[in-house]
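1. Model the following, please.
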Amino acid sequence: MSSKKQRRREAISALVLEQGAVTVGSLAERFDVSMQTIRRDVDTLCEGDMLHRLHGRIELSEEFLNTPFDQRAGTNLMGKRAIGEAAAHLIPDGSSLFVSIGSTPLSVAQALRRRKGLTVITNNLSAAMALSEEVSNRIILPGGEVRLPDRDILGNEVLDFFGRFRADFAVFGAAGIAEDGGLLEFHTTEVSATQKICENAKQSLLVIDGSKFGRQAPALGSNIADMDRIIIDRWPGDQFAPLLNKIKDRLLVAEGHAT
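-> You can find the predicted model right below:
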């Protein structure tokens, strides 16, 4: 199998895992290939247990559908906990910060429970709940529709919301990292939200576990080289060594920070 075909099929699987279901037509348009090509991809992907095809779309099987966010949050717990602790060491009491969606930014929020007097601007409801346990914190949320089961809020209203604030830190993750350092997401709205909080923060903190290096997703955002600090749990594969060596003065490997 060609590497291009393999990457496309991995991206399709990741997209269905994120959204629950996607149409075959939308996949052909997204990846700029023919319907016949996408149908072959879908047929191959549906040979396993996780995905199945139904009425012109590809869906997660029922046992995988209910809690995609909880599944993600439950993977690599030690690594994400180490990242959270390392990031929390950079954020003192009284700071203001944006916290983006995702399970790794949630780990940072959980590690910040010992901080006091934080001003937290977030569309990540799980992070808001974690930091609400400290009554000296101020937590600011956007309006809009909650996306379930991820427990976050996205859309143009969120961009307007983030645009009204400034903060000391922007804490965010990514769905994947391309070999050239591109930050990848499943939705352009996620890209736009991340770019907005980075624009409006004094310091950007990219928090990402090693499994995201080389993971494919269709929406391209900024580049890892543009981030102020990058916190990872471990070194990824050798193919990313040239990329990380260029930013090693801003790179923090969080091994040993988990408590």
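2. what's residue 224 in contact with, if anything?
-> For residue 224, the contacting residues are 177, 181, 182, 183, 206, 230, 243, 247, by Cβ atoms under 8 Å, 6 or more residues apart in numbering. Heads up, the C-betas are built off the backbone N, CA and C, glycines and all.
3. Okay, and which of those residues map to strands?
-> Mapping these onto strands (DSSP state E) picks out 177, 182, 183, 206, 230.
4. Can you name the two of the residues you listed that sit furthest apart?
-> Using Cβ to Cβ, the ones in strands among the contacts of residue 224 reach their maximum pairwise distance at 182 and 230, which is 13.7 Å.
5. Between these two, which is the more surrounded one?
-> It is residue 230, of residue 182 and residue 230, that has more neighbours when counted by other Cβ atoms under 10 Å, with 21 against 16.
6. so what's that one bridging to?
-> Residues in a beta bridge with residue 230, per DSSP bridges, are residue 206, residue 251.
7. Show me where the stretch 1-150 of the chain has its helices.
-> Per DSSP state H, counting those that start in this stretch, the stretch 1-150 of the chain carries helices over the ranges 3-19, 24-31, 35-45, 62-65, 68-73, 77-88, 103-111, 125-131.
8. Kindly reformat these as TSV containing mean neighbour count, distance to residue 223 and mean pLDDT.
-> Output for the helices of the stretch 1-150 of the chain, formatted as TSV (neighbours: other Cβ atoms under 10 Å; distance: least, Cβ to Cβ, whole Å; pLDDT from 0 to 100):
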stretch	mean neighbour count	distance to residue 223	mean pLDDT
helix 3-19	17	19	82
helix 24-31	16	22	91
helix 35-45	16	28	92
helix 62-65	12	32	52
helix 68-73	16	23	52
helix 77-88	22	20	92
helix 103-111	26	18	95
helix 125-131	21	25	95
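9. just to revisit the earlier point, between the ones in strands among the contacts of residue 224, which is closest to residue 82?
-> residue 230 (14.1 Å).
10. which residues touch the closest one?
-> 206, 208, 224, 247, 250, 251, 252.
11. what about 7 Å?
-> Residues in contact with residue 230 (Cβ atoms under 7 Å, 6 or more residues apart in numbering) are 206, 224, 247, 250, 251.
12. quick one: which of those has the most company?
-> In terms of neighbour count, residue 206 stands highest of those at 28 neighbours, by other Cβ under 10 Å.
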